[in-house]
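Student: Structure for this input, please:
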Amino acid sequence: MLKETCDVVSAANAEEALQVLSENFGERPPDLLLLDIRLPGGRSGAELLRPVRDFRPTKEVPAVALTTYARPEQRKALLEEGFDEYVSKLFRREELFGAIDRVLPSRIFSGESLSQGN
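Tutor: Residues are numbered from 1 along each chain as shown. Modelled structure (predicted):
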């Protein structure tokens, strides 16, 4: 979905994500982190966020949680963990792009380009 608009770097699990960050973003951080909360391999996306925030280049990078947990108290807990936004699965393109627009106002995209799929 985002590969049409963005350069996407992905990882299969938390350990691979940490390796990808250290190898590819030592000098220039990514613009955004999209973290699935239910990752394979033992660590959740929320647990991954802690070392990501400790890694200097990604300390201030906005993070969006992607999750099946949809109750208000679960959303609140993820925001308290340090996520900047939250998107509940199954989501529509507009919901994901809206969350990205809210955490990246005019840094990469205009609201129209993402939300309308241009």
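Student: Count the neighbours of A65 for me.
Tutor: Here the count is done by other CB atoms under 10 Å, and A65 has 28 residues near it. Backbone N, C-alpha and C define where each C-beta goes, glycine included.
Student: which residues touch Q19?
Tutor: With contacts defined as CB atoms under 8 Å, 6 or more residues apart in numbering, Q19 is in contact with A11.
Student: For it, give its distance to A12.
Tutor: 11 Å (CB to CB, to the nearest Å).
Student: Ok, F83 next?
Tutor: Distance from F83 to A12, counting by CB to CB: 20 Å.
Student: cool, E60 as well?
Tutor: Distance check for E60 against A12: by CB to CB, it reads 25 Å.
Student: coming back round to it: which one of F83 and A12 is surrounded by more residues?
Tutor: Under the neighbour definition other CB under 10 Å, F83 and A12 were set side by side, and F83 has more, 24 against 11.
Student: so which helix or strand takes in the nearest residue to that one once chain neighbours are set aside?
Tutor: The spatial neighbour of F83 that comes closest, neighbours along the chain excluded (CB to CB, 6 or more residues apart in numbering), is A65 at 4.4 Å. Element membership of A65, judged by DSSP states H and E, is strand 63-67.
Student: Just the CA coordinates for that strand, please, in CSV.
Tutor: As requested, C-alpha coordinates have been extracted for strand 63-67 and formatted as CSV (Å, rounded to 0.1, in the frame of the first residue of the first chain):
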residue,chain,number,x,y,z
ALA,A,63,5.8,5.8,15.5
VAL,A,64,2.4,4.4,14.5
ALA,A,65,1.1,1.2,16.1
LEU,A,66,-0.8,-1.2,13.8
THR,A,67,-2.9,-3.6,15.9
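Student: and whichever strand or helix holds D101, what does it pack onto?
Tutor: Assigned by DSSP H and E, D101 falls within helix 93-103. Contact analysis of helix 93-103 by 3 or more CB pairs under 8 Å, 6 or more residues apart in numbering; DSSP states H and E lists strand 63-67, strand 85-88, helix 111-115 as its packing neighbours.
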